[in-house]
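Chemist: here are the coordinates; sequence isn't available:
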């Protein structure tokens, strides 16, 4: 079982090259078939930098993580798909850990989370990512999913701009098939630095409540833009 890494990217020239290089140097990289960077028409040279680092670059005509990840999945050759944000670094031997979890019967899962900013509130939030609850899921935790399960679920909902990770987990598998792996990915805290950790987390909590009560994506995005001065949707 080989793993395809799919990275949606938009104006990530500072992160994408180092990330691809780190992935290729990982001891478990022989388990990886390919690294696919799906570029959403970046204006800063992200695609060129990803290609230079050794990734396969796919150009997406539509911006948005869900659409970009679906396009990457359509190009992927691996039996396991691993979706990773461009500003997130997986733990050492990540591919081995994913492969072993799949061999134990877990069809999908993620890692725990750690931020690159040692702020007590973010450390407190990160501690809860060890629990297998979608309420406590961060999209930055990355996501692996068996290709067969992904295809059967219809993939990500391309109409969604936020909470697309929670949506596919709800649709794709039973809870017993999902695992939170014990090691941590390290993700950029830039949105928390820009907006303030308390303000941003409160905004996410309110948005999640509205999402669970069925507020449309259009209205969720409108609310996001009002609540978060530095959006990345």
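Modeler: Good, I have the coordinates. What you see is a predicted model; the values in this text were computed from it and never measured.

Chemist: just for the protein, where's the confidence low?
Modeler: Within the chain, the stretches with pLDDT under 70 are 175, 231-233.

Chemist: all helices for it, in order.
Modeler: Under the criterion DSSP state H, the chain contains helices at 13-25, 46-53, 65-75, 94-103, 120-127, 147-153, 164-172, 190-195, 197-212, 217-227.

Chemist: which residues sit in contact with residue 188?
Modeler: Residues in contact with residue 188 (C-beta atoms under 8 Å, 6 or more residues apart in numbering) are 15, 87, 88, 115, 116. The way it works is simple: take the backbone N, C-alpha and C, and place the C-beta from them, glycine included.

Chemist: How is this protein divided into domains?
Modeler: 3-188, 193-233 (automatic domain parsing).

Chemist: okay, these, which one's buried deepest?
Modeler: Most buried of these by mean neighbour count (mean count of other C-beta atoms under 10 Å) is domain 3-188; its value is a mean of 19.

Chemist: Between the two ends of it, how far is it?
Modeler: Taking C-alpha to C-alpha, to the nearest Å, domain 3-188 runs 24 Å from one end to the other.

Chemist: Strand partners (parallel or antiparallel) of the strand ranked longest in the chain?
Modeler: Looking across the chain with DSSP state E, the single longest strand is strand 178-187. With DSSP bridges as the test, strand 178-187 is paired with strand 88-89 (antiparallel), strand 108-115 (parallel).

Chemist: can you give me the angle it makes with helix 164-172?
Modeler: 170 degrees (axes from the mean of the first three to the mean of the last three C-alpha atoms, to 10 degrees).

Chemist: now strand 178-187: how far from the chain's centre is it?
Modeler: Relative to the chain's own centre, strand 178-187 is displaced by 12 Å; criterion: C-alpha atoms, centre = their mean, to the nearest Å.

Chemist: what residues does that strand touch?
Modeler: Residues outside strand 178-187 that contact it (C-beta under 8 Å, 6+ apart): 85, 87-91, 94, 97-98, 101, 104, 106-116, 126, 129-132, 138, 140-142, 169.
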